[in-house]
Structure formats: C-alpha cells, structure tokens
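K.L.:
When you get a sec, could you give me coordinates for this:
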Amino acid sequence: MKWDYKVVSVDTLFQGSNDHDIAVSKEAAGARRASAGEGMEKALNDLGKDAWELVSITGDFGIFKRSSKLSQN
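P.N.:
Sure, this is the predicted structure:
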C-alpha cells in the first residue's frame, strides 16, 4: 500500500492555546490544558475528516498519513 504524508506544525494542532500565558494557579493550569486539548481535538477531527491519521508528533511537527488511493479519487 502506498501512503501520502502531511506534516503539520504543532501550533496548528494546538489551536486556541495561549502558549505564552503563565498559569499561576492549579485552576488556571487546568483551564489552559482543557482549552489546548479541545483545540487539538478539533484540529485532529478536521484532519480525520479528510482521512488523515496521526502517526507521530516529532519535535515541532505532527506527522499524518493516509492511503494514496484516497487522494486519487
């Protein structure tokens, strides 16, 4: 089977993350993680709609793959 690959920056995957903020309490840290998790879930679902499957997160990039057959249709 042949694969197509897509490389996406983690900034794209962590939509809605306020990465430059400093959480000063447990509550703020929890809220920040929840927001980042929701943003990542949305980004993964959006990519999944086009049959992209997350293979790995390496450094600053998420690596996705899908069957080459899908891109030929």
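
K.L.:
any idea how far the closest residue to residue 44 other than its chain neighbours is from residue 31?
P.N.:
Spatial nearest neighbour of residue 44, chain neighbours left out: residue 54 (6.4 Å); criterion: C-beta to C-beta, 6 or more residues apart in numbering. Glycine gets a C-beta too; all of them are placed from N, C-alpha and C. Distance, residue 54 to residue 31, by C-beta to C-beta, to the nearest Å: 25 Å.

K.L.:
next one: residue 24
P.N.:
11 Å.

K.L.:
Can you show me the helices along this structure?
P.N.:
Here the chain has its helices, by DSSP state H, at 10-13, 26-49, 68-72.

K.L.:
Low-confidence ranges, this protein, go.
P.N.:
15-23, 72-73 (pLDDT under 70).

K.L.:
which residue is nearest the middle of it?
P.N.:
residue 13 (3.0 Å; C-alpha atoms, centre = their mean).

K.L.:
Just want the phi and psi numbers for residue 52.
P.N.:
phi -80, psi 130 (degrees, to the nearest 10).

K.L.:
Now it. Nearest residue, chain neighbours left out?
P.N.:
Using C-beta to C-beta, 6+ apart and skipping the chain neighbours, the partner closest in space to residue 52 is residue 64 (4.1 Å).

K.L.:
hey, what's that neighbour bridged with?
P.N.:
residue 6, residue 54 (DSSP bridges).

K.L.:
just to revisit the earlier point, closest one to residue 2 among the helices of the chain?
P.N.:
Relative to residue 2, the nearest member of the helices of the chain by C-beta to C-beta is helix 68-72, separated by 3.9 Å.

K.L.:
Can you spell out which helices and strands pack onto the closest one?
P.N.:
Secondary-structure packing of helix 68-72 (3 or more C-beta pairs under 8 Å, 6 or more residues apart in numbering; DSSP states H and E): strand 3-9.

K.L.:
which outside residues touch the strand it packs on?
P.N.:
Residues from elsewhere that reach strand 3-9 (C-beta atoms under 8 Å, 6 or more residues apart in numbering): 43, 47, 52, 55, 60-68, 70-71.
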